[in-house]
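>>> Here is a sequence together with a model predicted from it:
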Amino acid sequence: MDIEQRNLPTRGFRPVYYLLGMHAIMAYGFYKLWLGQREKNELAREKTWARIHLIPLLQAEEDRDQVRRYYADKAREKELIGSEMKTYNSDR
């Protein structure tokens, strides 16, 4: 008894089409990844330059605070001791 083979089409697409589809999806994903990395680098560069440009403002604010503390300390010292403190204890 000989079994005849039926001449039916195979189910689904050819394997080549699956591979092409997979490669297309992966290429799109890598493209989006590349765009995201580029955006991240641009934001990091912008953040760095923003900090660089803010340094003089922050330094001036710190200097003003130091001067205010210095004069407040001098006033507190004068109030406690009653006279201006000198660096040396001699009259020269």
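Done, it's in.
>>> what ranges do the helices span in the chain?
Along the chain, counting by DSSP state H, helices occupy 15-81.
>>> in it, which residue is closest to the centre?
residue 44 (5.0 Å; CA atoms, centre = their mean).
>>> separation between that one and residue 50?
Plainly put, residue 44 is 11 Å away from residue 50 if you go by CB to CB, to the nearest Å. C-beta: built from backbone N, CA, C; applies to glycine.
>>> joint contacts of the two?
Shared contacts of residue 44 and residue 50, defined by CB atoms under 8 Å, 6 or more residues apart in numbering, are absent.
>>> ok, now which ones touch residue 43?
Counting by CB under 8 Å, 6+ apart, residue 43 has no contacts.
>>> Got the phi and psi for residue 11?
Per-residue torsions, residue 11: phi -80, psi 140 (degrees, to the nearest 10).
>>> Neighbours of it, how many?
5 (other CB atoms under 10 Å).
>>> Return the residues in contact with it.
Residue 11 touches nothing, counting by CB under 8 Å, 6+ apart.
>>> pLDDT value on it, please?
Residue 11 is assigned 82 on the pLDDT scale.
>>> same check, this time on the one 3 residues further on
We note a pLDDT of 88 for residue 14 in this prediction.
>>> So it versus residue 26, what's the distance?
In terms of CB to CB, residue 14 sits 19 Å off from residue 26.
>>> low-scoring stretches of the protein, by residue?
1-2, 91-92 (pLDDT under 70).
>>> Identify the residue spatially nearest to residue 77, adjacent ones excluded.
residue 85 (6.0 Å; CB to CB, 6 or more residues apart in numbering).
>>> Can you report how many residues lie near that neighbour?
Neighbours of residue 85 (other CB under 10 Å): 9.
>>> Torsion angles phi and psi at it?
Residue torsions, per degrees, to the nearest 10, at residue 85 are phi -80, psi 140.
>>> go on, residue 10?
Dihedral angles (degrees, to the nearest 10) for residue 10: phi -70, psi 150.
>>> Can we start the residue count at 19 from this point?
From this message on, residue numbering opens at 19, which makes the last subject residue 28.
>>> neighbours around it, how many?
6.
>>> Give the burial count for the spatially closest residue to residue 102 that is not a sequence neighbour, as a bare number.
Spatial nearest neighbour of residue 102, excluding adjacent residues (CB to CB, 6+ apart): residue 96 at 6.4 Å. By other CB under 10 Å, 12 other residues sit near residue 96.
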